[in-house]
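Engineer: Here is my input, please return the structure:
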Amino acid sequence: MRTTSAQVAIIALLISGSTSSSVDAFDDRNWVSNTSSDKSNWFNQANWQESAVPTSSDHAIIPYSLGNGREMPVISSSSEAYAQKLTINRSGSNIGKLTVLGSTSVLVLGDGSARTSTINGQLVLGDHGSGTASTMKVNGDHTVIGAGGEILLVKVAIIDEYTNNGSDKLTIKRSGQAACDDYPDGLACNVLLHGEGEVKVQLDNRGFVVADDSGLDLVLSDRTKTGTSDGWWIAESNARLVLQTKVNSSCHWHLGETNSDSQSTLFLDTGGCTAGFGPVTFTAGIFVVTGGNFCTSGNIVWKSVYDSGASEWTAPAFKVASGKTAKFGSGAVSCTSCP
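Structural biologist: Below is the predicted model:
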C-alpha cells in the first residue's frame, strides 16, 4: 500500500512520543519584559517571550525576579486582559507580582471551565494612588492554590463573576502542605485574600480571607460564601469584615488581636446571614450583628487578653440588634443553613 505524506507525518508524530500536552505547552506565555520603553505593559506583545499577549486559552506565567531594569507586569487599560490560568512565582525574598490598576482595568481569569492557577507571589488589584476600583472577573470554576501567595485588594477593588449568572466560583486553598491550618503561622503555606474592597463572586474559602486595611471594609456580597475547616474569616488592624450575603461554612471566625485599642469588626450587615460549624475566637474588637443572624455549632472563645504594650486588658464588645440572634455551640446545632 502506498503511504501518503500526511500518513508519514502522523506516523512520525506517534514515533516521537508527542502528545496533546506538548501542544498545550505552546499556550504558555512567559513574562520577560523588554528592555526598551513600555516594559511593564501587559498588552505589549514584546514583553512576552512568545511575542503574543495571553488570551483566554493561555497560561500566563510571571517569574519571581527580573534583571537588567525589566519590570513586573501591570494591567492598566480600558481593554480586558485574559488568562486561562495564572502562575505567579516566588523564590525566597524574590516575589513575582501582577498589578491591575484603574477603574477600567479588568483581568478575566479562566475560560469557563474548571481551571487552577498558582499564586505564590502577589496579585494586586488596585493602588492607593490610582483613584478608583480595579476588577478581577472569575470565568468558570476557578481554583487558586499557593504557599504564601496573596491576592491584595486596594481602594475598593472588586472580585466579580464573569457570566453574572451564578455559575462562576473562586476557591482559594493551600498547595497541599500538611499542618498548615493555624493563623497566622499558616500564611507561609496557604493563600491570603485581603485588603479593602468587595468579593462578589461565589467563594469557597479554604485559606485566609482578612479585612486588614485600617478603617476600611472588606465586603462579602452577592453570591453565597462557603468554606472548610481549613478556612478563616478574619478582621484585624482596625478594619471591618462586612457580610452582606449568606455564609455557610465550617471556617474559623477570628477577632484575635491583643491590641487594647482595636476597633476591628466582624459586621453582619443587611442581607448578611451566617450558618456554619466553625469556632469563633474573639479577644479584641467588636462583633456586630445588625442586619442578619449569626449561628455556628462551633464554640466561642470570648475573653479579654493582656496588651503588654499598653499595660491594659482588651475589651471585646458584642452587639446584637433587637430581633436578631447570635448562637454558638450546642445552642446552634439546628442552624445548618441560611434561609
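Engineer: Quick check: end-to-end length of stretch 90-104?
Structural biologist: Using CA to CA, to the nearest Å, one end of stretch 90-104 lies 28 Å from the other.
Engineer: can you check stretch 243-263 too?
Structural biologist: By CA to CA, one end of stretch 243-263 lies 17 Å from the other end.
Engineer: can you check stretch 308-320 too?
Structural biologist: 30 Å.
Engineer: Stretch 50-63 now?
Structural biologist: 15 Å.
Engineer: low pLDDT regions in the chain?
Structural biologist: 1-26, 130-131, 331-336, 339 (pLDDT under 70).
Engineer: Scan it for its longest strand.
Structural biologist: strand 149-161 (DSSP state E).
Engineer: then that one to PDB, C-alphas only?
Structural biologist: The C-alpha trace of strand 149-161 is given here as PDB (Å, rounded to 0.1, in the frame of the first residue of the first chain):
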ATOM      1  CA  GLY A 149       0.700  33.800  47.900                       C
ATOM      2  CA  GLU A 150      -1.600  36.700  48.300                       C
ATOM      3  CA  ILE A 151      -4.500  38.400  46.500                       C
ATOM      4  CA  LEU A 152      -4.500  42.000  47.700                       C
ATOM      5  CA  LEU A 153      -7.500  44.300  47.200                       C
ATOM      6  CA  VAL A 154      -6.700  48.100  47.300                       C
ATOM      7  CA  LYS A 155      -9.100  51.100  47.200                       C
ATOM      8  CA  VAL A 156     -12.400  49.300  46.800                       C
ATOM      9  CA  ALA A 157     -11.200  46.700  44.300                       C
ATOM     10  CA  ILE A 158     -13.700  44.100  43.100                       C
ATOM     11  CA  ILE A 159     -13.600  40.300  42.600                       C
ATOM     12  CA  ASP A 160     -16.700  39.600  40.500                       C
ATOM     13  CA  GLU A 161     -18.100  36.800  38.400                       C
END
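Engineer: What pairs with that strand, parallel or antiparallel?
Structural biologist: Applying DSSP bridges to the sheet, strand 149-161 is found paired with strand 122-125 (parallel), strand 135-138 (parallel), strand 191-199 (parallel).
Engineer: Pipe the ones you listed into CSV and attach mean neighbour count per row.
Structural biologist: Backbone N, C-alpha and C define where each C-beta goes, glycine included. Shown next, in CSV, are these (neighbours: other CB atoms under 10 Å):
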stretch, mean neighbour count
strand 122-125, 23
strand 135-138, 23
strand 191-199, 24
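Engineer: Out of the ones you listed, which is closest to Ser221?
Structural biologist: Checking those against Ser221 by CB to CB gives strand 191-199 as the closest, at 5.7 Å.
Engineer: Can you tell me what sits against that closest one?
Structural biologist: With contact meaning CB atoms under 8 Å, 6 or more residues apart in numbering, strand 191-199 is reached by 119, 125-126, 133, 144-146, 149-159, 172-174, 205, 207-213, 216-221, 225, 239.
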